[in-house]
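Engineer: any chance you could fold what I've pasted below:
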Amino acid sequence: MKATINANGTEIAVISKGDENDYISLTDIARYKNPDEPKDVVKNWMRNRSTIEFLGLWEQLNNPDFKGVEFDSFKHEAGSNAFTLSPQKWISSTNAVGLISKSGRYGGTFAHKDIAFEFATWVSAEFKLYIIKDYQRLKADENSRISLEWNVNRIISKINYRIHTDAIKDNIIPSLVTKGQQTFTYASEADLLNVALFGKTAREWKEENPEAKGNIRDDATIQQLIVLSNLESMNAELIKQSLPQNQRLIILNKMAIEQLTSLLGSSGIKKLQQTGEHNE
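Structural biologist: Have a look, this model is predicted:
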């Protein structure tokens, strides 16, 4: 999904993936420093040895297909007067995924938010703060609602085989969270909601479904998506009340059970609750 943030009057495009892996336009950030030739700002940044080392480390941590030999060559040459490097060359030579180069009128260079914030620091520390502030606003808006496009896409793809079957009733209503889940601290609020609604984290789901192309929420039913939207709003209110995460998990899990039971009927709910209690 294409979105836009406004950093002190400068519009910056964001490719929002609905998770923690958004890509932000380096070209738009660079316009703050050079409105006429922003691509030159990006290239100058990429000439620095510290930049190459940062990009290489990010890829090593996040990209198993990163070509380390080519990276070592760039790192050795970086910083010299004759060294130049474009985003396109970096991507094609090292198989990098942290940068995306798009052509056309609305193209430019996009970078994973981790990298984009590093670039913004190089451009202007003050400007970076404006970027972060409005980016946080964007993410808060995304988390508080399910966009119409996001909802419709999932409904269309799943409506033919997900609606009103006994199998769904027996399998999508979550169990009560276990004692272990109650005491575990989740790395993100998104995973807190995943556990409350699906009974597992996004990573646990992915490990169980290694061939799946999407994520745990892409596989959700229409009813689960409706409840998820309600859980997001409720979680925001509970956070405002300063409730600790373990208490919020219990409240959200019970809310998910109640709402899905209401949507689907009570078939199978007693059995699943007993299963959850046994796991405690």
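
Engineer: could you use CA atoms for every contact and neighbour count after this?
Structural biologist: Fine.

Engineer: quick one: the closest residue to A212 other than its chain neighbours and E20, what's the gap?
Structural biologist: Leaving aside its chain neighbours, A212 sits nearest to K206 (7.4 Å; criterion: C-alpha to C-alpha, 6 or more residues apart in numbering). With distances taken as C-alpha to C-alpha, to the nearest Å, K206 is found 16 Å from E20.

Engineer: right, and the helix or strand after whatever helix or strand Q182 lives in?
Structural biologist: Using DSSP states H and E, Q182 maps to helix 179-183. Using DSSP H and E, the helix or strand that follows helix 179-183 towards the C-terminus is helix 189-198.

Engineer: what packs against that following helix?
Structural biologist: helix 222-240, helix 245-264 (3 or more C-alpha pairs under 8 Å, 6 or more residues apart in numbering; DSSP states H and E).

Engineer: show residues contacting that helix.
Structural biologist: In this structure, residues lying in contact with helix 189-198 by C-alpha atoms under 8 Å, 6 or more residues apart in numbering are 172-174, 177, 186, 200-202, 224, 228, 231-232, 249-250, 252-254, 256-257.

Engineer: just want the phi and psi numbers for A220.
Structural biologist: A220 adopts backbone torsions of phi -70, psi 160, taken as degrees, to the nearest 10.

Engineer: for R31, see how far away it is.
Structural biologist: When A220 is compared with R31 (using C-alpha to C-alpha), they lie 40 Å apart.

Engineer: got the domain boundaries for this structure?
Structural biologist: When the chain is parsed with automatic domain parsing, its domains come out as 2-141, 148-279.

Engineer: can you put the ones you listed in a markdown table and add mean pLDDT and mean neighbour count?
Structural biologist: Compiled in a markdown table, the domains of the chain are given as follows (pLDDT from 0 to 100; neighbours: other C-alpha atoms under 10 Å):
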| stretch | mean pLDDT | mean neighbour count |
| --- | --- | --- |
| domain 2-141 | 91 | 17 |
| domain 148-279 | 72 | 16 |
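
Engineer: ok so, going back, among the helices and strands packed on helix 189-198, which is nearest D72?
Structural biologist: D72 lies closest, by C-alpha to C-alpha, to one member of those: helix 245-264, at 43.2 Å.

Engineer: so the closest one versus helix 189-198, what angle?
Structural biologist: 40 degrees (axes from the mean of the first three to the mean of the last three C-alpha atoms, to 10 degrees).

Engineer: please export the C-alpha coordinates of helix 245-264 as CSV.
Structural biologist: This file holds the C-alpha atoms of helix 245-264, laid out as CSV (Å, rounded to 0.1, in the frame of the first residue of the first chain):
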residue,chain,number,x,y,z
GLN,A,245,1.0,-6.5,28.6
ASN,A,246,0.1,-9.7,30.5
GLN,A,247,-3.2,-8.3,31.7
ARG,A,248,-4.0,-6.9,28.3
LEU,A,249,-3.4,-10.3,26.7
ILE,A,250,-6.0,-11.9,29.0
ILE,A,251,-8.6,-9.2,28.3
LEU,A,252,-8.0,-9.3,24.5
ASN,A,253,-8.1,-13.1,24.4
LYS,A,254,-11.4,-13.2,26.2
MET,A,255,-12.8,-10.5,24.0
ALA,A,256,-11.8,-12.5,20.9
ILE,A,257,-13.5,-15.6,22.2
GLU,A,258,-16.7,-13.8,23.0
GLN,A,259,-16.9,-12.0,19.7
LEU,A,260,-16.1,-15.0,17.5
THR,A,261,-18.5,-17.1,19.5
SER,A,262,-21.2,-14.4,18.8
LEU,A,263,-20.3,-14.3,15.1
LEU,A,264,-20.1,-18.1,14.6
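
Engineer: much appreciated, bye for now.
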